[in-house]
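Undergrad: Got a predicted model here, sequence first, then my questions.
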Amino acid sequence: MNLTEAGFVAGWRLVRALPRPVAAAAFRVGADRAHRKDGGGTRRLRANLRRVVGPEMPDAELDALVRAGLRSYARYWMEAFRLPGLSRTEILAGFRLDGQELLAADVAAGRGAVVALPHAGNWDAAGAWVAATGWPMTTVAERLPDGVYERFVGFREGLGMEILPNTGGPRPAFDVLVDRLRAGHVVPLLADRDLSARGVEVDFFGGRTRMPAGPALLAIRTGAPLYVASMWYEPDAACASLEGPLPLPDPDSAPLDARVRAVTQRIADGLAAGIARHPQDWHMLQRMWLDQGRDGTPTSARPPATTGTV
């Protein structure tokens, strides 16, 4: 077991043992320390939130938003570590979904549903709630190094989710998801950041970025309804709402790649609307736009590099 894996194991054990107010206070202190340190992740979050709120927000207000965003992200990890120790009743009480009747009808009809999610609020709590509700659910997880991936899979499967690796599985994850949708499963997929470098280019808060084609392609291939989720925190619960089902282009209207691009842009627009309503709960501490440098700032905003010798 390496240091990273040991840290996650300690988190799952120790945070669950603490009273929630004590754990919450400790994670909030950690978030405030990260805010003061202003490391790479914090600077990238600041740059990403600047895109969301626009240039009109004063720097002091943006800084307060960044601090709130780090506290929200810390809350996500605190709650994720505590999830395995919660009862079914506690899981159901800790998450609220506006639009749950839509998913209930889809599952009851056996047609399944694709839900495009942002990295916002608490997506693990959402998945645990779906499983605790009794709906079959399958999703995909990024394959992480060493034993961390196995720990994450064990954690999520222990909550009732079926987890597929995005690479290296016995069958391609896309093919398995097609089968699961046809069997009536709910398939939630994080959709606001492409991990493959082969995603679909979209407009997002006035800039160009890539988002995964999977949600759109699954809906087009299977005919399953496609929703976009907005996710955020309230003081007493993680919350989400659904937009959709999104309209899908007629099969004869355009080639497949054009239809996938059009639907992925609709997903991007839905995600942007939800993030704009709750920017403090968008946990995007990575580079997001194609024109960003390592620290998240647009490359066009940087001073020109100097050349020559001294």
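TA: On my side now, so go ahead.
Undergrad: And the strands in this structure, which stretches?
TA: 95-98, 113-117, 138-141, 162-165, 186-190, 200-204, 207-211, 226-234, 237-243 (DSSP state E).
Undergrad: So which of those is the most surrounded?
TA: Ranked by mean neighbour count, those are led by strand 113-117 with a mean of 27 (mean count of other C-beta atoms under 10 Å). In short, each C-beta sits where N, CA and C put it, glycine included.
Undergrad: Need the residues that contact it.
TA: Strand 113-117 is contacted from outside by 102-103, 106-107, 123, 126, 181, 186-192, 215, 218-219, 224-229, 231, 242, 245, 267, 270-271, using C-beta atoms under 8 Å, 6 or more residues apart in numbering.
Undergrad: Could you tell me the angle between it and strand 226-234?
TA: On the basis of axes from the mean of the first three to the mean of the last three C-alpha atoms, to 10 degrees, strand 113-117 is oriented at 50 degrees to strand 226-234.
Undergrad: strand partners of strand 113-117, parallel vs antiparallel please.
TA: Strand pairing for strand 113-117, using DSSP bridges, gives strand 186-190 (parallel), strand 226-234 (parallel).
Undergrad: Could you figure out how far the longest one is turned away from strand 237-243?
TA: The reference is to strand 226-234. Strand 226-234 and strand 237-243 are oriented at 150 degrees to each other (the same axes, to 10 degrees).
Undergrad: Show me how far strand 226-234 is from its chain's centre.
TA: Centroid separation for strand 226-234 versus its chain: 10 Å, with C-alpha atoms, centre = their mean, to the nearest Å.
Undergrad: mind saving the C-alpha coords of it as CSV?
TA: Output of strand 226-234 as CSV, limited to C-alpha atoms (Å, rounded to 0.1, in the frame of the first residue of the first chain):
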residue,chain,number,x,y,z
LEU,A,226,-30.9,12.0,-21.7
TYR,A,227,-30.9,14.4,-18.8
VAL,A,228,-28.5,17.1,-17.6
ALA,A,229,-28.1,17.4,-13.8
SER,A,230,-27.5,20.5,-11.8
MET,A,231,-25.8,19.7,-8.5
TRP,A,232,-25.2,21.8,-5.4
TYR,A,233,-25.3,21.9,-1.6
GLU,A,234,-27.8,23.1,0.8
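Undergrad: thinking again about what came up before, can I get the strands of the chain in CSV with mean pLDDT and distance to A23?
TA: Formatted as CSV, the strands of the chain follow (pLDDT from 0 to 100; distance: least, C-beta to C-beta, whole Å):
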stretch, mean pLDDT, distance to A23
strand 95-98, 97, 18
strand 113-117, 98, 25
strand 138-141, 90, 24
strand 162-165, 88, 25
strand 186-190, 96, 25
strand 200-204, 97, 34
strand 207-211, 96, 33
strand 226-234, 98, 16
strand 237-243, 98, 16
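Undergrad: I'd like to know which of those strands lies nearest to D257.
TA: Closest to D257 of these is strand 200-204 (C-beta to C-beta; 8.7 Å).
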